[in-house]
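Chemist: Okay, sequence plus prediction incoming.
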Amino acid sequence: MRIQIKWSFFFGMLIYAVTAAAQQKETNAKITAEEIVQRAIDNAGGDKKLKAVKSAEFISQIITGDNDTLYFSVKRKGSDKYYISVMSFRYENTTTVFNNGNAVLIKNNTAERITDPIKLESLALNCYSSIDYGYKKLGYKLSRIEDLQFSNFNCYGVLAESPLGSKTVNYYDKETGNCIMIMYPSGSRTIFKSFLPYQGLLYGKDLLLSDAKGNISTSFLRDIKIDKNPDDNWFNLLPIGDCRPPAIFKTGRFQYVNGNDITAIMTREENKQIESDTEYKIEWLSDSDYLLHRLKYVSAPPINENIEYFKVRITSWRGNRYYCQYITSDNQAGTCAFEKIE
């Protein structure tokens, strides 16, 4: 009798497991690409909250495969303005600005117009902090592709095709609904290792970036600001060709500008800059780039540990005000604006 009960229980559980697996397989087969992407949108905060975000600013630190450090400054405003500036102590610094369908790439002191429709379309997508929400708002065609089982994730596969025909492959974790990998036409990949909940929204925090050659970099989200209303001049499209900032920014008295707030005042001379009681040496590396440095302890020797320095790049200007990105010797990064008052 006991044996009969045990076998009946075993076969009952086996039938249940097979039935549940079949039902799950049927459910997986029925779920549409649009439903998969909408679930990711809901996880990111939902349509209403994402639509309500007027601006977003991010600072990310990138560690490359050869152990160099880059800093990405990203700004978005509305659904048609996007700014990304890349800075390091070794690589060529670049800034890309997209504004209402037009874009420029700034290298050194030269601005180049971006005219490739596919690149412009990609920049338009980057105006959205949630790529999935961007797919929806910009009318990307979504279709199911084969699911994929990773070592730690079981994923739905979705092909997203832009109105101009550019395609990305996206994999969404079946358990959480979040997108964990995007594969681009170039062969590069973005892998989302973790996410940051912030003000009711969800953002990628730690990422792995793989280029077409398989070189891997790691990205860390260092700072985030939502609805701080960045000045529209961050999104200026500089004239094509030579775009050197005017020489008036090299000397004079300046005040920090933070949104609508005016803060500290500093004085800049030919080879030094004084802020409050702190004096820095200033070296202009180009018309757009300068280096500020000082000894932390004047009586100590000038070794690396005793030198504080800032590398600053002017990315835009309007009248007496200029906008810049900076990185520091103690791995800080950010953006700020200055206005010349004398």
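Modeler: Nice, thanks for sending it over.

Chemist: Show me the shaky parts of this structure.
Modeler: For the chain, the stretches flagged by pLDDT under 70 are 1-27, 259-263, 298-305.

Chemist: the domain parsing of it - what is it?
Modeler: Here the domain parsing of the chain from automatic domain parsing is 35-226, 244-340.

Chemist: and those, which is most packed in?
Modeler: Counting by mean count of other C-beta atoms under 10 Å, domain 35-226 has the highest mean neighbour count of these, with a mean of 17. Every residue, glycine included, has its C-beta placed from N, CA and C.

Chemist: For it, give the distance from the opening residue to the closing one.
Modeler: 27 Å (C-alpha to C-alpha, to the nearest Å).

Chemist: got the contact list for the residue nearest to residue 251 when sequence neighbours are not counted?
Modeler: The shortest distance from residue 251 to any non-neighbouring residue, by C-beta to C-beta, 6 or more residues apart in numbering, is to residue 268 (5.6 Å). When contacts are counted by C-beta atoms under 8 Å, 6 or more residues apart in numbering, residue 268 is found next to 250, 251, 252, 253, 254, 274, 282.

Chemist: who does residue 268 bridge with?
Modeler: Beta-bridge pairing for residue 268 (DSSP bridges): residue 252, residue 273.

Chemist: Might one say that residue 205 is in contact with residue 220?
Modeler: Yes - using C-beta atoms under 8 Å, residue 205 is in contact with residue 220, at 7.4 Å.

Chemist: how about the domains of the chain in CSV, adding distance to residue 232?
Modeler: Formatted as CSV, the domains of the chain follow (distance: least, C-beta to C-beta, whole Å):
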stretch, distance to residue 232
domain 35-226, 7
domain 244-340, 9
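
Chemist: From residue 61, how far out is residue 223?
Modeler: 10 Å (C-beta to C-beta, to the nearest Å).

Chemist: try residue 165
Modeler: The gap separating residue 165 from residue 61 is 34 Å, by C-beta to C-beta.

Chemist: Could you do residue 51 as well?
Modeler: Between residue 51 and residue 61 the computed distance is 29 Å (C-beta to C-beta).

Chemist: Residue 147 too?
Modeler: For residue 147, the distance to residue 61 (C-beta to C-beta) stands at 33 Å.

Chemist: What of residue 329?
Modeler: Distance from residue 329 to residue 61, counting by C-beta to C-beta: 14 Å.

Chemist: centroid residue for the chain?
Modeler: With the centre of the chain defined as its mean C-alpha position, the nearest residue by C-alpha atoms, centre = their mean is residue 74, 5.2 Å away.

Chemist: who's in contact with that one?
Modeler: 56, 57, 58, 59, 60, 82, 83, 84.

Chemist: what lines up beside the strand or helix carrying it in the sheet?
Modeler: Using DSSP states H and E, residue 74 falls within strand 69-77. Sheet pairing of strand 69-77 (DSSP bridges) gives strand 55-63 (antiparallel), strand 81-87 (antiparallel).

Chemist: Mind putting those strands into TSV with distance to residue 157?
Modeler: Below are these laid out as TSV (distance: least, C-beta to C-beta, whole Å):
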stretch	distance to residue 157
strand 55-63	27
strand 81-87	28
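
Chemist: wait, which of the ones you listed is closest to residue 172?
Modeler: strand 55-63 (22.4 Å; C-beta to C-beta).

Chemist: Centre of the chain to the closest one, how far?
Modeler: 5 Å (C-alpha atoms, centre = their mean, to the nearest Å).

Chemist: give me phi/psi at residue 51?
Modeler: phi -70, psi -30 (degrees, to the nearest 10).

Chemist: same question, residue 194
Modeler: Backbone torsions for residue 194, taken as degrees, to the nearest 10, come to phi -150, psi 160.

Chemist: for residue 97, same thing?
Modeler: Per-residue torsions, residue 97: phi -130, psi 130 (degrees, to the nearest 10).

Chemist: My read is that it contacts residue 112, right?
Modeler: No - using C-beta under 8 Å, residue 97 is not in contact with residue 112, being 11.4 Å away.

Chemist: overlap in contacts of these two?
Modeler: Among the neighbours of residue 97, those also in contact with residue 112 (C-beta under 8 Å, 6+ apart) are 104, 106.

Chemist: mind checking how far the nearest residue to residue 231 once chain neighbours are set aside is from residue 99?
Modeler: Among residues not flanking residue 231 along the chain, residue 337 sits closest, at 6.6 Å (C-beta to C-beta, 6+ apart). Residue 337 sits 17 Å away from residue 99, going by C-beta to C-beta.

Chemist: and what of residue 293?
Modeler: 34 Å.

Chemist: that older thread, a markdown table for the contacts of residue 268, including distance to residue 239?
Modeler: Shown next, in a markdown table, are those (distance: C-beta to C-beta, whole Å):
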| residue | distance to residue 239 |
| --- | --- |
| 250 | 20 |
| 251 | 24 |
| 252 | 24 |
| 253 | 28 |
| 254 | 24 |
| 274 | 33 |
| 282 | 26 |
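
Chemist: Relative to residue 71, how far out is the closest residue to residue 59 other than its chain neighbours?
Modeler: Excluding the flanking residues, the one nearest residue 59 by C-beta to C-beta, 6+ apart is residue 223, at 4.1 Å. For residue 223, the distance to residue 71 equals 10 Å [C-beta to C-beta].

Chemist: Ok, residue 129 next?
Modeler: Going from residue 129 to residue 71 by C-beta to C-beta gives 19 Å.
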